[in-house]
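Asks: structure for this input, please:
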Amino acid sequence: AGRLTTTGEILPELLEQEQPDYIIYDGMCPWGYFVGQILKLPTVVSYALMPLTSVRAIMHPLKLKVVAPVIVGDMSAGIKSSRKSQALGKQYGVKALGTAEFLNAPADLGISYPSAYFVPYAQKAPAYLHFVGRVLDDTLQDPSFSFDAVKGRKLIYVSLGTLNNQDPSLFHDCVGAFRDSQYYVLISTGKGTDPASFGGLPENIAVYSWVPQLDVLRRADMFITHGGLGSI
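Replies: Numbering: from 1, shown residues only. Predicted structure coming up:
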């Protein structure tokens, strides 16, 4: 609902800008969608989140078990968002965003960075949507980060991302599981856990609050992760 409120507030200013030839916007930015529709511009949408290609993607019983409480808990927010979207559509004389489109605004051309390999029912994606996968080059994030301690061993990387890393129990479990093993283990805790709190560590395990993740993933043989979008 907040994004639709923001859309209503900033649309007048956006519409006063010099008209471009086309507009590119993120799928979670409804103001981009509305600007494109109102000005009748060619539109390109960028999906950092996995695009919803079919309602069947969330209808599996195991998925519903997770999704249903979220839907019910946010039902009032969903209703408010829908009403705001309909009001904006009526105000500007364009098609409003549907409930399933608040995170997946459509466009003339869609670019999805999550690979089709990870997207349920990718084969049912609309014709305008293209799965391009990773768009990163091979430039190192931090050339100074040393992998010398790996010493030819298989490298295991452990991370819980940047948002949900406050519980250090997985990190401690990994320290216990791989202690004195034939593997070298890099653990990135994020800001939620102080690496010093692990005390003395065996030679084959190193704990950091941050590592150059892309550089590490180029070298890693295994990635233990919560499955966040950036990590995937």
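Asks: so residue 185, which of the three states?
Replies: Reduced to three states with DSSP: H, G, I helix; E, B strand; the rest coil, the structure at residue 185 is strand.
Asks: that one against residue 176, yeah?
Replies: No: using CB atoms under 8 Å, residue 185 makes no contact with residue 176, being 11.1 Å away. To be clear about C-beta, it is placed using only N, CA and C from the backbone, and glycine gets the same treatment.
Asks: following the lowest-mean-pLDDT helix or strand in the chain, which helix or strand comes up?
Replies: Across the helices and strands of the chain, the lowest-confidence element by mean pLDDT, DSSP states H and E is helix 61-73, at a mean of 62. Toward the C-terminus, helix 61-73 is succeeded by helix 75-92 as the next helix or strand (DSSP states H and E).
Asks: now the element after that following helix, going C-ward?
Replies: From helix 75-92 onward toward the C-terminus, using DSSP H and E, the following helix or strand is strand 109-112.
Asks: may I see the buried residues of that next one?
Replies: Burial within strand 109-112, assessed by neighbour count using 16 or more other CB atoms under 10 Å, is assigned to 110, 111, 112.
Asks: and if you look at stretch 221-232?
Replies: Within stretch 221-232, the residues that qualify as buried by neighbour count (16+ other CB under 10 Å) are 223, 224, 225.
Asks: go on, stretch 96-107?
Replies: Counting neighbours by 16+ other CB under 10 Å, the buried set in stretch 96-107 is 96, 97, 101, 102, 103, 104, 105, 106, 107.
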